[in-house]
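Student: Sequence first, then the predicted structure:
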Protein chains: 2
Amino acid sequence: MSNSRIEIFDSTLRDGAQGEDISFSLEDKIKVAIALDEIGVSYIEAGNPGSNPKDMEFFKRMKNVNLKNSKLAAFGATRKANIRVEDDNNIRSLLEAETDVVVIFGKTWDFQVKDILKTSLEENIRMIVDSIKYLKSKNKEVIFDAEHFFDGYKENKKYSLETITSAKEAGADVIVLCDTNGGTLSSEIKNISKSVVDSLGGRIGIHCHNDIGMAVSNSIIAVEEGICHIQGTFIGIGERCGNANLSVIIPTLQLKMGYEAIPKEKLADLTKTARFVSEISNINLLDNMPYIGASAFAHKGGMHIDAVGKASKSYEHIKPELIGNNRRFLVSEVSGKSTILKEIQKIFPGITRDSKEVEKITNRLKDLEYEGYKFEGAEGTVELLIRKTIGKYKPFFKLNHFKTIGEQPWNNKNFTSTALINITVDGKNKMTASEGDGPVNALDKALREALESFYPQLKEVRLVDYKVRVLDSESATGAKVRVLIESTDGVENWSTVGVSRDVVEASWIALVDSLEYKLIKDIEKTVRMYF
Amino acid sequence: MSNSRIEIFDSTLRDGAQGEDISFSLEDKIKVAIALDEIGVSYIEAGNPGSNPKDMEFFKRMKNVNLKNSKLAAFGATRKANIRVEDDNNIRSLLEAETDVVVIFGKTWDFQVKDILKTSLEENIRMIVDSIKYLKSKNKEVIFDAEHFFDGYKENKKYSLETITSAKEAGADVIVLCDTNGGTLSSEIKNISKSVVDSLGGRIGIHCHNDIGMAVSNSIIAVEEGICHIQGTFIGIGERCGNANLSVIIPTLQLKMGYEAIPKEKLADLTKTARFVSEISNINLLDNMPYIGASAFAHKGGMHIDAVGKASKSYEHIKPELIGNNRRFLVSEVSGKSTILKEIQKIFPGITRDSKEVEKITNRLKDLEYEGYKFEGAEGTVELLIRKTIGKYKPFFKLNHFKTIGEQPWNNKNFTSTALINITVDGKNKMTASEGDGPVNALDKALREALESFYPQLKEVRLVDYKVRVLDSESATGAKVRVLIESTDGVENWSTVGVSRDVVEASWIALVDSLEYKLIKDIEKTVRMYF
């Protein structure tokens, strides 16, 4: 067990964005960067400003964001062959990004230099050296990504070592050995890393891809041979089979090997952060993902459940709470009771673990989860469900009828959606109609207009986020969908959720909860003010 | 590189069935067993006949199935403490399964013996020895699963070694070292496996779980230390984070280490078999799964695509056809002209890089990407766009009008969606109406019904996947959405994409492309047949 620090270098926003189906908006990128800084990774590699205008815009925007723990890095290639480094557009873009850290990748495999770059082995070394020296002269911290290093080492050891020795002598602060194609065995990574650490010295890093399912173990085995810097992506996304998964590597380093990778007190935020990043990336986090997956500490076999009840270490390699995950017994009813109790006591502090209400609410939530609901981050709906189950709830309006109509006329460009709604509040009837972008938007507008005439405080409320997830996508257009809505009144934000086979109905459920939650909060405030 | 054989022991139907959301019917189990035999694994562990009547029924049914390559194995515990082995019900069930091979698991971690089994260390050894001797006396091939061996070895090396030495002396044919909790590092697996191989000799196996993401590398590293038998599940399913993934281990053994794991000529069936097993298991095979995933050889970055075009080894660790997978070039904003050119040349081989059509199509794709389109994996839409831009496209029908209606009556539970559509084909008019789960499903049904009367071949087409992504979710219910549809005609699968502020319109665009793509493919086939 060691106590030294391993640098965690996150490339979710750069190499991760190369994954199939991954596409970050500018706002997404900023949110992810803030979350990574929050949990305390050492570096955030966030884009290639020379190849992508959206990335350059991101670096500009980040100048107004104050990172507490992480350094921001821009990524790009060495200068092109046969030009001066000062004249290289890509190098210029890297400087324009104005980050303290720059990552430069260069070729170390002779085959790549000759057959892909189509330049000489000597010129390739000059490209590496010139680029690093130039960036050092601009006071950058320079990380050199030795692309295809392991493939290069196996085919031409002498040349691959010459490239990284030159990079080091040119002033690179970290030399990162990249298994770019992801096909190198752990035993090879071990031997080659050891030989580089012994001969080169200084800060050496590793960058693994998962093409043979070894990116995690390859990263860890390199640390055992003296490497101090690990590149990966937070939930493992990336080109082809993805990059080394940092949410798996970090707890192994910290809990099993005694290294410090992120601040100790942040480890319990691991699961939450991974789920947040996956939400923003709009990919389903695998239930069976090591450490942070929903099934990672789920027990199904009766014998296993008995044994874990006696001593958790009998079928759990660590305690799930260390990384903010939790144990689940898939056939039993005791799971999550204490979490649910905590939610109930927030609203009704008098209710204890043994109250029959706890059982009733637990069962209701479980039934809804079975139907496809997920209550993580949908605290508005959870509070309303608790109130409804306990009987402390009175509807704010009665829906008599609504109707949504979508029409595609002759001209392809004029698709319109309309909604009509009819509600009753305190015996008074109100009907409204509204056009909108799609049936949900039209219905949202019509409902608000109808309710605002009774509850003017709803004018403050607007939706800030709307997400749709198709649950069983194999059922195609008849599949169940889950809609998550985030609302704000300018002071507080809250989220609500709805599930149905129909996107309009699922949205309606979440929408009604969202507005009722606001009305309940306002009544509570009034009560607190006067009593 | 070695040429010896590694035994592949598949436990999809036993340990795999412990995974969350996994449930095999009897028919499912038989189908999976036949597929595993077909590809040639050495052993198929198919159930615990003592704990599960469905498993016993399976073994009975399998007596009529003639396996060509694999041996069937039944799984169960050693005899209970303080009874005679002949009187143990579980052991009796194992014999009733009438398999040639029996797997017996026993405790090797002193903590488990004392705190979970609550018996003496000596009695535990007698339980192991009695059970193995008895099964050997019945002429079974006996595999001993040394449960929690690595945890046991680390806490009480002497006792753990005593359990497996006793098992071997009692006649066990294979001793399998199990990392039951899945938390052991590759370097520990390496050292402990080596020490057991050196001291015990004979056939030693390994059984890994993936709780720290190392199940694959741990299995491979054990082989490097002399282990000759690997237990896992074909696509990695299993309790918590799953078992060692055999579809990843097999090609690594065979292509990178020179072992024979399955018959050489079967390796090209790997991808097909994995996808079949996942289909039966009713789980989505991860796109980024090593070797067999749909993204495993998918390239997105323009520079990578150029390089793979020059030499595949520049960004591929093996040739995908070796394991029956294939290469894909994803069209995206970071990819360049050369990807688009390749797509164009698939349809119009005469068009070269300098043709003005390339520029025109590139610009069209870029404009659409700016609007929120993403063409990765939407090859149907890309082909139609190319045809439309080049002028080789004639619409198959004219839309006159469609209308979708959603209605929420008084009774909250009766939300219904209806669609009406009116189209013209060759001067003939057709109007249809349909109810469905939501406006999109209703419209999908109505459009198909209308088109099928003109194009009966559309009856073969069904949607297999439907995804919705909200693009700028901060615009809430008025946000843009992107809909991705995957369709099949039973022979080929294709995907299409649509973007709009309205989920109905976005779905409509993708739907129309999907059906037109099928019609174009059929015409092409006819043309090829006659000219």
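Tutor: Now that the structure is in, tell me what you want to look at. Numbers count the residues shown, from 1 in each chain, chains lettered A, B, ... in the order given.
Student: alpha carbons only for contacts and neighbour counts from here, please
Tutor: Fine.
Student: Find the residue ranges of chain A scoring beneath the pLDDT cut-off.
Tutor: Under the criterion pLDDT under 70, the flagged ranges of chain A are A:1-3, A:301-302, A:329-339, A:376-377, A:409-414, A:472-476, A:529-531.
Student: Spatially central residue in it, please.
Tutor: The geometric centre of chain A, computed from its C-alpha atoms, lies nearest to A:Val277 (Cα atoms, centre = their mean), at 0.7 Å.
Student: Make sure that one is actually in contact with A:Ala33.
Tutor: No: at 9.6 Å, A:Val277 does not count as touching A:Ala33 under the criterion of Cα atoms under 8 Å.
Student: can I see the domain layout of chain A?
Tutor: Split into domains by automatic domain parsing, chain A comes to A:7-281, A:297-335.
Student: give me the number of residues near A:Trp353?
Tutor: Slight slip there: residue A:353 is Arg, not Trp. By other Cα atoms under 10 Å in any protein chain shown, the residues close to A:Arg353 number 15.
Student: give me the element it is part of.
Tutor: Following DSSP states H and E, one finds A:Arg353 outside all helices and strands.
Student: which residues touch the residue nearest to it when sequence neighbours are not counted?
Tutor: Taking Cα to Cα, 6 or more residues apart in numbering or on different chains as the measure, A:Arg353 lies nearest to A:Leu341, with 6.5 Å between them; neighbours along the chain are not counted. By Cα atoms under 8 Å, 6 or more residues apart in numbering or on different chains, the residues touching A:Leu341 are A:Thr352, A:Arg353, A:Val358.
Student: Which positions in the stretch 101-250 of chain A make contact with chain B?
Tutor: Taking Cα under 8 Å from any Cα of the partner chain as the test, the list of the stretch 101-250 of chain A residues beside chain B reads A:112, A:115-116, A:180-183, A:185-187, A:210-214, A:216-217, A:221, A:239-242, A:248-249.
Student: quick one on the thing from earlier: nearest to chain B among the contacts of A:Leu341?
Tutor: Within the contacts of A:Leu341, distances to chain B taken as Cα to the nearest Cα reach their minimum at A:Val358, with 25.7 Å.
Student: could you say which helix or strand contains the closest one?
Tutor: Assessed by DSSP H and E, A:Val358 sits inside helix A:356-371.
Student: Can you list the helices and strands that the next helix or strand after that helix packs against?
Tutor: Toward the C-terminal end, the helix or strand that comes next after helix A:356-371 (DSSP H and E) is helix A:379-390. In this structure, helix A:379-390 packs against helix A:337-347, helix A:356-371, strand A:493-500, helix A:503-530, with contacts taken as 3 or more Cα pairs under 8 Å, 6 or more residues apart in numbering or on different chains; DSSP states H and E.
Student: Is the helix or strand just after helix A:379-390 positioned near chain B?
Tutor: Along the chain past helix A:379-390, the next helix or strand (assigned with DSSP H and E) turns out to be strand A:398-408. Yes: taking Cα under 8 Å from any Cα as the criterion, strand A:398-408 and chain B are in contact, through A:Leu399, A:Asn400, A:His401, A:Phe402, A:Lys403, A:Thr404, A:Ile405, A:Gly406, A:Glu407, A:Gln408.
Student: Contacts only, for the residue nearest to the last one when sequence neighbours are not counted.
Tutor: Beyond its immediate neighbours in the sequence, the residue positioned closest to A:Gln408 (Cα to Cα, 6+ apart) is A:Phe415, lying 4.6 Å away. Contacts here follow Cα under 8 Å, 6+ apart; on that basis A:Phe415 touches A:Gly406, A:Glu407, A:Gln408, A:Pro409, B:Glu505.
Student: For chain B, see how far away the residue of chain A most remote from its centre is.
Tutor: Most distant from the centre of chain A: A:Gly427, at 47.3 Å, with distances by Cα atoms, centre = their mean. Here the criterion is Cα to the nearest Cα, to the nearest Å. By it, A:Gly427 lies 16 Å from chain B.
Student: mind checking the SS state of A:Val464?
Tutor: For A:Val464, the secondary-structure state derived from DSSP: H, G, I helix; E, B strand; the rest coil is strand.
Student: my read: it touches A:Thr488, true?
Tutor: Yes: counting by Cα under 8 Å, A:Val464 does reach A:Thr488; the two are 6.7 Å apart.
Student: Do I have it right that A:Leu447 meets A:Lys430?
Tutor: No: no contact is recorded between A:Leu447 and A:Lys430 when judged using Cα under 8 Å, the distance being 10.1 Å.
Student: So for these two, which sits in the more crowded spot?
Tutor: A:Leu447 (25 against 16).
Student: In contact with that one, which residues?
Tutor: A:Leu447 is in contact with A:Ile421, A:Thr432, counting by Cα under 8 Å, 6+ apart.
Student: Is it within a helix or a strand, and which one?
Tutor: When secondary structure is defined using DSSP H and E, the element that contains A:Leu447 is helix A:438-452.
Student: chain center to that helix, what's the gap?
Tutor: Using Cα atoms, centre = their mean, to the nearest Å, the mean C-alpha position of helix A:438-452 is found 32 Å from that of the whole chain.
Student: Compute the inter-axis angle for it and strand A:398-408.
Tutor: Here helix A:438-452 runs at an angle of 150 degrees relative to strand A:398-408 (axes from the mean of the first three to the mean of the last three Cα atoms, to 10 degrees).
Student: So the residue nearest to the centre of chain A: helix, strand or coil?
Tutor: Three states are possible here, and by three-state DSSP the one that applies to A:Val277 is helix.
Student: distance of it from chain B?
Tutor: Going from A:Val277 to chain B by Cα to the nearest Cα gives 15 Å.
Student: Next: A:Lys525.
Tutor: If you measure A:Lys525 against chain B using Cα to the nearest Cα, the figure is 27 Å.
Student: which residues sit against stretch A:289-304?
Tutor: A:247-248, A:251, A:270-271, A:274, A:285-288, A:305, A:314-316, A:320, A:323, A:325-331, B:18-20, B:210-213, B:239-241.
Student: which among those end up buried?
Tutor: Among these, those scoring as buried are A:247-248, A:251, A:270-271, A:274, A:285-288, A:305, A:314-316, A:320, A:323, A:325-330, B:18-20, B:210-213, B:239-241 (criterion: 16 or more other Cα atoms under 10 Å in any protein chain shown).
Student: I'm done for today, thanks for sticking with me.
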